[in-house]
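> Next input, structure requested:
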Amino acid sequence: MTETAGRDGPGARTRTLLRRALDAYGDSPQAAGWLRHHLERFDEPLRLAVAGKVKAGKSTLLNALVGEEIAATDAGECTRVVTWYQDGPSPRIVLHPRHGPPRQLRTRRGEHGGLVVDLEGEDPEAVDRLTVDWPSSGLRTTSLIDTPGIASLTADASDRAGRFLTPDDAPGQADAVLYLMRHLHSADARFLESFHDRHVARATPVSTIAVLSRADEIGAGRLDAIDSARRIAARYRSDEKLSSLCQTVVAVAGLVALSGRTLRQAEYLGLRALAAAGPEVTEALLLSADRFVHPPDSLRDRLGPDAPDAAARNALLKRLGVFGVRTSLAALRDHAPDAAQLSAELVAVSGLDELREVLATQFGERRDLLKARSALLAVELVLRHEPRPAAAALAAEIERVVAGAHEFAELRLLAALRARSVPLPPEALAEAERLVGGNGSRAAARLDLDPEADVGTCRAAAVEALGRWRRRAANPVASRATVDACAVVVRSCEGMLAVLTAS
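Sure thing, here's the model as predicted:
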């Protein structure tokens with residue numbers, strides 16, 4: 001658990017193992033460089049890859065997470081290249097070709113301050129990746145990696161995304177994956193299956209979060225569109241197949257989230273002028289996108305002298321979508337928020353806050369564990385490709401790290417619980433998932449308590465849960481699989497209780 005991680009946690013033990021492997025392979029430049037790279041990764045921000053099919057809204061959601069327009073959202077050449085976004089003291093773009101040294105590209109901002117990336121004539125198929133440094137608090141703890149669309153129109157772009165996310169014989173470069181889908185398509189399921197592996201050092205459901213993206217487009221952009229999307233996401237979360245392949249499913253309207261985080265004063269004023277025209281006028285306008293931009297004369301004459309013109313209305317539609325415009329107009333009429341309040345409301349309704357909370361609890365709290373799995377696989381790769389006398393001892397140490405780290409046992413059990421391979425009744429199954437960290441690794445999340453619950457409340461709940469699961473483990477008619485699962489849950493409860501008692 002996060003609370004018990006420290007000198008004896010899997011992260012610390014894996015670092016020690018990496019150093020021992022470096023000592024053994026110091027005379028091999030390739031192996032040493034590979035091991036040193038993974039040792040250094042422990043001190044880097046979490047690497048989160050954003051993946052999905054073409055037009056799933058990857059770049060839009062990435063921009064919303066950062067709070068600035070730094071990723072290209074059109075279908076241009078840059079969207080065919082793996083692009084890393086990381087915090088830096090000043091904006092900088094570096095192109096890394098497949099062959100040859102990297103070179104810095106010109107950095108320039110667009111009309112509204114966003115980043116413009118130009119490959120300067122370089123063929124996208126000749127580019128290995130782009131790295132973008134951008135000063136941003138949102139990138140200090142997590143580097144974001146925008147990947148080409150799965151099942152892209154160009155085979156090269158699609159293959160590049162697949163190779164990056166699911167390499168055949170190496171740990172992936174990302175610590176975790178945010179997978180976007182408009183609905184659960186067969187191509188989405190195939191990708192999630194390819195990313196999933198039972199090996200403890202590879203991807204497991206806990207390292208993947210699925211996002212039902214472009215949620216505002218469900219229900220033709222009605223005001224209840226996000227509620228409909230959340231119900232669909234909840235249905236996906238209860239699907240046994242999908243729950244065995246990803247941690248959870250969250251509904252997010254990326255376009256609305258981005259607009260909320262970057263709302264401009266001119267856009268606010270335009271929306272306010274439209275709201276003044278009255279709901280009967282704007283609802284008639286919003287019957288279709290074309291009608292909103294090019295209304296009949298009878299409607300256009302009722303908009304009022306301050307209403308935005310056709311070009312401005314078209315820009316609003318591109319920035320906010322039909323749902324975002326409707327939501328903004330409803331808020332402006334209901335309680336007339338100022339621009340800052342409207343921005344906050346758009347972000348809140350978009351589902352972005354929920355996604356960021358999930359990222360913090362599921363990925364942020366498991367940062368060292370996620371990195372440890374990649375590092376263990378990296379050591380295994382070296383031992384397999386360059387066998388030598390020291391390899392046997394290092395392989396045995398890997399097994400000891402995996403077997404001795406309760407966090408890995410929790411991940412294995414969580415995968416089994418989500419695959420419904422442990423014979424437990426539904427209520428016990430749900431509690432077991434929580435107690436081993438399915439909803440987050442902190443005690444309150446494991447115990448299904450309010451995040452602000454005090455230590456005494458958490459301790460009492462942990463004692464109660466511990467007793468309940470000890471009784472289940474001692475049931476003489478329970479199967480071996482059930483007893484083993486209960487033992488892991490008991491140890492999780494004991495670990496929580498030890499930390500809470502010491503607090």
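> can you give me the strands in the stretch 201-350 of the chain?
All strands of the stretch 201-350 of the chain, identified by DSSP state E, counting those that start in this stretch, fall at 208-212, 249-251.
> contacting residues around residue 173?
Applying Cβ atoms under 8 Å, 6 or more residues apart in numbering to residue 173 gives the contacts 47, 49, 145, 164. Any C-beta I mention is one placed from the backbone N, CA and C, and that applies to glycine too.
> Make CSV from these and add secondary structure, neighbour count and distance to residue 116 to it.
Converted to CSV, those look like this (DSSP: H, G, I helix; E, B strand; the rest coil; neighbours: other Cβ atoms under 10 Å; distance: Cβ to Cβ, whole Å):
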residue, secondary structure, neighbour count, distance to residue 116
47, strand, 23, 25
49, strand, 25, 23
145, strand, 24, 20
164, helix, 19, 24
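> What is the end-to-end distance of stretch 49-60?
14 Å (Cα to Cα, to the nearest Å).
> Average pLDDT for that stretch, rounded please.
Taken as a whole, stretch 49-60 carries a mean pLDDT of 90.
> Which positions within that stretch qualify as buried?
By neighbour count with 16 or more other Cβ atoms under 10 Å, stretch 49-60 contains the buried residues 49, 50, 51, 52, 53, 54, 56, 57, 58, 59, 60.
> now do stretch 423-437
424, 428, 431, 432, 433, 434, 435, 436, 437.
> for stretch 129-137, same thing?
129, 130, 131, 132, 133, 134, 136.
> burial of residue 345, as a residue count?
Neighbourhood size, residue 345 [other Cβ atoms under 10 Å]: 20.
> Grab the nearest non-local neighbour of it.
In space, residue 345 comes closest to residue 331 once its chain neighbours are excluded; the distance is 5.3 Å by Cβ to Cβ, 6 or more residues apart in numbering.
> list the contacts for that neighbour?
Remark: with contacts taken as Cβ under 8 Å, 6+ apart, residue 331 is in contact with 337, 342, 345.
> So the residue most central in space within the chain versus residue 149, what's the distance?
For the chain, the residue nearest the mean C-alpha position is residue 178 (3.4 Å; Cα atoms, centre = their mean). Per Cβ to Cβ, to the nearest Å, residue 178 is found 14 Å from residue 149.
> now do residue 404
Applying Cβ to Cβ, the value for residue 404 to residue 149 is 41 Å.
> Same drill for the two, tell me which one is more crowded.
The neighbour count for residue 404 versus residue 149, taken as other Cβ under 10 Å, is higher for residue 149 (21 against 12).
> how near is the more buried one to residue 441?
Taken as Cβ to Cβ, the span from residue 149 to residue 441 is 32 Å.
> Can you get me the start-to-end distance on stretch 443-456?
Start-to-end span of stretch 443-456 (Cα to Cα) is 12 Å.
> got a list of contacts for it?
With Cβ under 8 Å, 6+ apart as the criterion, stretch 443-456 contacts 1, 3, 361, 431, 434-437, 439-440, 442, 457-458, 461-462, 465, 492, 496, 499-500, 503.
> Just the buried ones among these, please.
The neighbour-count test (16+ other Cβ under 10 Å) applied to those identifies 1, 3, 361, 431, 434-437, 439-440, 442, 457-458, 461-462, 465, 492, 496, 499-500 as buried.
> Could you export stretch 384-396 as PDB, CA atoms only?
Extracted in PDB, the C-alpha atoms of stretch 384-396 (Å, rounded to 0.1, in the frame of the first residue of the first chain):
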ATOM      1  CA  ARG A 384      17.300 -13.400 -21.100                       C
ATOM      2  CA  HIS A 385      19.300 -11.700 -23.800                       C
ATOM      3  CA  GLU A 386      22.700 -11.700 -22.100                       C
ATOM      4  CA  PRO A 387      22.900 -14.800 -19.800                       C
ATOM      5  CA  ARG A 388      25.900 -14.900 -17.600                       C
ATOM      6  CA  PRO A 389      26.800 -16.500 -14.200                       C
ATOM      7  CA  ALA A 390      25.200 -13.600 -12.200                       C
ATOM      8  CA  ALA A 391      21.900 -14.000 -14.000                       C
ATOM      9  CA  ALA A 392      20.600 -16.900 -11.800                       C
ATOM     10  CA  ALA A 393      21.100 -14.900  -8.600                       C
ATOM     11  CA  LEU A 394      19.400 -11.800 -10.100                       C
ATOM     12  CA  ALA A 395      16.500 -13.900 -11.400                       C
ATOM     13  CA  ALA A 396      16.000 -15.400  -7.900                       C
END
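> Make CSV out of the contacts of residue 173 and add distance to residue 477.
Below are the contacts of residue 173 laid out as CSV (distance: Cβ to Cβ, whole Å):
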residue, distance to residue 477
47, 46
49, 45
145, 49
164, 49
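> and of the residues you listed, the nearest to residue 91?
Using Cβ to Cβ, residue 145 is the member of those that lies nearest residue 91, at 17.7 Å.
> and the gap between the residue nearest to the closest one when sequence neighbours are not counted and residue 249?
Nearest non-adjacent residue to residue 145, counting by Cβ to Cβ, 6+ apart: residue 49, 4.3 Å away. Counting by Cβ to Cβ, the gap from residue 49 to residue 249 is 17 Å.
> swap in residue 265?
To residue 249, residue 265 is 36 Å away according to Cβ to Cβ.
> Ok, residue 17 next?
As judged by Cβ to Cβ, residue 17 and residue 249 stand 35 Å apart.
> Ok, residue 320 next?
From residue 320 to residue 249 the distance is 24 Å (Cβ to Cβ).
> Next: residue 51.
15 Å.
> now swap in residue 262 and tell me
Taken as Cβ to Cβ, the span from residue 262 to residue 249 is 26 Å.
> Between the two, point out the one with more neighbours.
Taking neighbours as other Cβ under 10 Å, residue 262 and residue 249 compare with residue 249 leading, 24 against 19.
> which ones are touching that one?
209, 210, 211, 212, 233, 234, 236, 237, 242.
> Out of those, grab the one that's most surrounded.
Result: residue 211 is most packed of these (other Cβ under 10 Å), 28 neighbours.
> so that residue touches residue 250, yeah?
Yes. Using Cβ atoms under 8 Å, residue 211 makes contact with residue 250 at a distance of 5.5 Å.
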